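Q: One predicted model, sequence on top.
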Amino acid sequence: MLILFTNAHVFAPEDSGLCRVLIGGGRILGVSDKKDEWSAAGATEFNLEGRRLIPGLIDGHAHVTGGGGESGFKTRVPPVPPGQFTTAGITSVVGVLGTDDTTRDTRSLLAQVHALREEGLGAWCHTGGYHVPPVTLTGSVRDDIVFLDPVIGVGELALSDHRSSHPTLDELLRIASDAHVAGMISGKAGIVHLHLGDGDGGLELVRKALQQGELPARVFNPTHINRRKALFDESLELARLGSTVDITAFPVAEDEDAWPADVALLRYLDSGAPADRITISSDGGGCLPVFDAQGEMLHMDIGKPSSLIETLRCTLNNDIPLEFVLPAFTSNVADILRLHDRGRIQPEMSADLIVLDDNHDISDVMIAGNWHVQAGEQKIFGQFEQQQSKEQQ
């Protein structure tokens, strides 16, 4: 079935003005500013009446199997149901393992990624987790990336964190080299997605890797850069060297030595660092623990996929132009992950689209041409979401 959006204010992510967008076969077939384009195509028309049409959000870091486990088996977070992503406007997601890469492994992560794909989402993952040597399916980081379709990189490998393996420079370089070469062979991202903790070491090991190795800076992809203000400043310099750095949309207390995601994004964009090397992820399904000086967990929260759209809404409520911040949620993420058909509204891209209302809330979500949310109502449910919905009725 052909679908034609008319009177859509398209942010592709750049502001393209009022356009008509033709959808067919799960793809964007055309975008035009001509009023009568495709009128005779026999398409089902949706008049957006000037509402904003944006690319689906890409979440480059989510614990799709659930994170946690830092305070016993009962603290293992359950898998994230697909509706938590789709209703939050996330049309593509990359799954990671965290602290617990023992009771959870690449096998279980791959299984959950395939399940999300069967539910209609775009889904990929990284092999490995916090620790060295990385947990893999094939026994090799390089082979996992080359031969396992959903695997696009390695991570989240932990640095400057008491839960990490405290990798040496040689270990980091070897893992990064395997990821880089695998990316070259397969055409995938081939990145090392790096968890940054609260430790004083910060990005020192990454700086040494760039100084003493031959790997391009794009291979190193640190996340949680806004968890400490000094770490954020370090990350600006790393971005200037060519790395893409990632802000996490987690809650930040007023007296905390951290930047909220919306503040961090604007500080980054105002710093003069390359605007195409900043992304934002949700850490959805991940454990957000607070530890004492002895490494004992005091309390924990759970990351929410909805934190992405909430961060975008915060910037828009402060009168920041949508086209200024939107790439960090869409095209920039697609570029570092080499998801070549995501993150933009243009011909041949996957028809992953969001309609925003005047309050910056999500009205509609389409993934590969299928409606997952319409008029604020979830239309497609995951297998167990559907069962829960029936029981509630």
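A: Right, received. Where do you want to start?

Q: quick one: Ala230 and Gly202 touch, right?
A: Yes: assessed by Cβ atoms under 8 Å, Ala230 is found in contact with Gly202 at 6.8 Å. (C-beta placed from N, C-alpha, C; glycine too.)

Q: Which one of the two is surrounded by more residues?
A: Gly202 (23 against 10; other Cβ atoms under 10 Å).

Q: measure that one to Ala293 for me?
A: 19 Å (Cβ to Cβ, to the nearest Å).

Q: ok, Pro150 - contacts?
A: Leu110, Val113, His114, Arg117, Ala123, Trp124, Cys125 (Cβ atoms under 8 Å, 6 or more residues apart in numbering).

Q: Please list the members of those residues that lie in strands.
A: Among the contacts of Pro150, the members falling in strands (DSSP state E) are Ala123, Trp124, Cys125.

Q: Show me what the first one bridges to in the sheet.
A: Beta-bridge pairing for Ala123 (DSSP bridges): Val93.

Q: quick one: contacts for it?
A: Taking Cβ under 8 Å, 6+ apart as the test, what Ala123 contacts is Val64, Ser92, Val93, Val94, Gly95, Val113, His114, Leu116, Arg117, Pro150.

Q: now do Val113
A: Counting by Cβ under 8 Å, 6+ apart, Val113 has contacts Val64, Gly95, Ala123, Trp124, Cys125, Pro150.

Q: same thing with Leu169?
A: Leu205, Lys208, Ala209, Gln212.

Q: Next, find the distance separating it from His114.
A: In terms of Cβ to Cβ, Leu169 sits 35 Å off from His114.

Q: Now do the same for the closest residue to Glu49 other than its chain neighbours: helix, strand or coil?
A: Distances taken as Cβ to Cβ, 6 or more residues apart in numbering place Asn7 nearest to Glu49, at 5.5 Å, with adjacent residues excluded. Taking DSSP: H, G, I helix; E, B strand; the rest coil as the rule, one finds Asn7 in the strand state.

Q: Just give the number of residues close to Asn7.
A: Quick note: Asn7 (other Cβ under 10 Å) scores 16 neighbours.

Q: for it, what are its contacts?
A: Leu18, Arg20, Asn47, Leu48, Glu49, Gly50.

Q: Identify all contacting residues around stretch 372-381.
A: 82-83, 86-87, 119-120, 361-366, 370-371, 389.

Q: repeat that for 7 Å
A: Gly83, Thr86, Thr87, Gly120, Ile362, Ser363, Asp364, Val365, Met366, Asn370, Trp371, Ser389 (Cβ atoms under 7 Å, 6 or more residues apart in numbering).

Q: Quick check: which of those has the minimum pLDDT.
A: Among those, Ser389 has the lowest pLDDT, at 53.

Q: List just the nearest of the ones in strands among the contacts of Pro150 to Asp105.
A: Nearest to Asp105 among those: Cys125, at 11.5 Å, using Cβ to Cβ.

Q: Could you find the closest non-adjacent residue to that closest one?
A: Nearest to Cys125 is Gly95, by Cβ to Cβ, 6+ apart, at 4.0 Å.

Q: How much space separates that neighbour from Gly60?
A: Gly95 is 10 Å from Gly60, by Cβ to Cβ.

Q: returning to that earlier point: out of the contacts of Ala123, grab the one that's most surrounded.
A: Counting by other Cβ under 10 Å, top hit in these: Val64 with 30 neighbours.

Q: doesn't Gly95 make contact with that residue?
A: Yes: assessed by Cβ atoms under 7 Å, Val64 is found in contact with Gly95 at 3.8 Å.

Q: Would you mind giving the contacts of stretch 372-381 as TSV with secondary structure and neighbour count added?
A: Putting the contacts of stretch 372-381 into TSV (DSSP: H, G, I helix; E, B strand; the rest coil; neighbours: other Cβ atoms under 10 Å) gives the following:
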residue	secondary structure	neighbour count
Gly83	helix	21
Thr86	helix	29
Thr87	coil	18
Gly120	coil	16
Ile362	strand	21
Ser363	strand	18
Asp364	strand	23
Val365	strand	27
Met366	strand	25
Asn370	strand	13
Trp371	strand	17
Ser389	helix	13
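
Q: Now the terminal residues of stretch 358-373, how far apart.
A: Terminal residues of stretch 358-373 lie 17 Å apart, using Cα to Cα, to the nearest Å.

Q: State which helix of the chain is the longest.
A: What stands out as the longest helix in the chain, according to DSSP state H, is helix 169-186.

Q: if you average pLDDT over it, what comes out?
A: For helix 169-186, the per-residue pLDDT averages 98.

Q: buried ones in it?
A: 171-183, 186 (16 or more other Cβ atoms under 10 Å).

Q: what's the spacing between that helix and its chain's center?
A: Distance of helix 169-186 from the chain centroid (Cα atoms, centre = their mean, to the nearest Å) equals 21 Å.

Q: mind listing the strands in the stretch 51-200 of the chain by residue range?
A: 52-55, 57-62, 90-95, 122-127, 151-159, 191-196 (DSSP state E, counting those that start in this stretch).
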